[in-house]
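Novice: Predicted structure and sequence below. I'll ask about it afterward.
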Amino acid sequence: MNKQDFFAHETAVIDEGCSIGEGTKIWHFSHIMPNCRIGRKCNIGQNVVVSPEVVLGNNVKVQNNVSIYTGVTCEDDVFLGPSMVFTNVINPRSGVNRRGQYAKTIVKKGVSIGANSTIVCGITLGEYAFIGAGTVVIKDVPAYGLVVGNPAKQIGWMSEFGQRLIFDDTHKAKCEESGDWYQLEGGKVIKL
């Protein structure tokens, strides 16, 4: 780990044995724990904890007050909104040690998770899924899926640019921002 390749605020704690990519910024009072891997050009906000074995891809944006627990993998271009929460044990008890029983949570490329959302462990959030603020996600979310509520309910689809997709009679939709086209088939969206 070459500390010249990334920026860390003087109050950040960076443990030995972690890997941090070039151009990454780590802000006030954050703790980067051993054996985690953080990619290039990430932004780790204030008061963030990245636990051992966590993997963050490139260009991951972690807003303030987020704890990313062992068992979580975020692929490239993921956005973790302020104070959102991951869990890593299905049935926690203070008096029962469940280390080694951490469930895996996979956050695929381009996912956005809104402020104050909760992601229950053991699920996968598909590519470019969009999790609305305050949502409690208890099961997998399909690629491009838009979910809100407690528990999360899918209410639509989002483009890679974060625009709502409205499908026509031919099951095609155009992202108004990018001009890209998408196809809805069998409950799944693909980019054309």
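Specialist: Looks like it came in fine. Residues are numbered from 1 along each chain as shown.
Novice: Tell me the gap between stretch 146-158 and the middle of its chain.
Specialist: Chain-centre distance of stretch 146-158: 16 Å, with C-alpha atoms, centre = their mean, to the nearest Å.
Novice: mean confidence score for it?
Specialist: Averaged across stretch 146-158, pLDDT comes to 98.
Novice: So for it, first residue to last residue, what's the gap.
Specialist: 6 Å (C-alpha to C-alpha, to the nearest Å).
Novice: repeat for stretch 157-177
Specialist: End to end - C-alpha to C-alpha - stretch 157-177 spans 15 Å.
Novice: cool, and stretch 150-162?
Specialist: With C-alpha to C-alpha applied, stretch 150-162 spans 21 Å between its terminal residues.
Novice: residues in contact with residue 129?
Specialist: 108, 111, 112, 141, 142, 143, 144, 145, 146, 147, 158 (C-beta atoms under 8 Å, 6 or more residues apart in numbering). (C-beta placed from N, C-alpha, C; glycine too.)
Novice: at 10 Å instead, please
Specialist: 107-108, 110-113, 137, 140-147, 154, 157-158 (C-beta atoms under 10 Å, 6 or more residues apart in numbering).
Novice: Any buried residues in stretch 92-106, and which?
Specialist: 102, 103, 105, 106 (16 or more other C-beta atoms under 10 Å).
Novice: for the record, mean pLDDT for it?
Specialist: 94.
Novice: do the same with stretch 123-141
Specialist: Rounded mean pLDDT across stretch 123-141 is 98.
Novice: now the contacts of residue 129: which count as buried?
Specialist: 107-108, 110-113, 137, 141-147, 157-158.
Novice: and the two most separated of these?
Specialist: Across the buried ones among the contacts of residue 129, no pair lies farther apart than 107 and 157, at 17.9 Å, counting by C-beta to C-beta.
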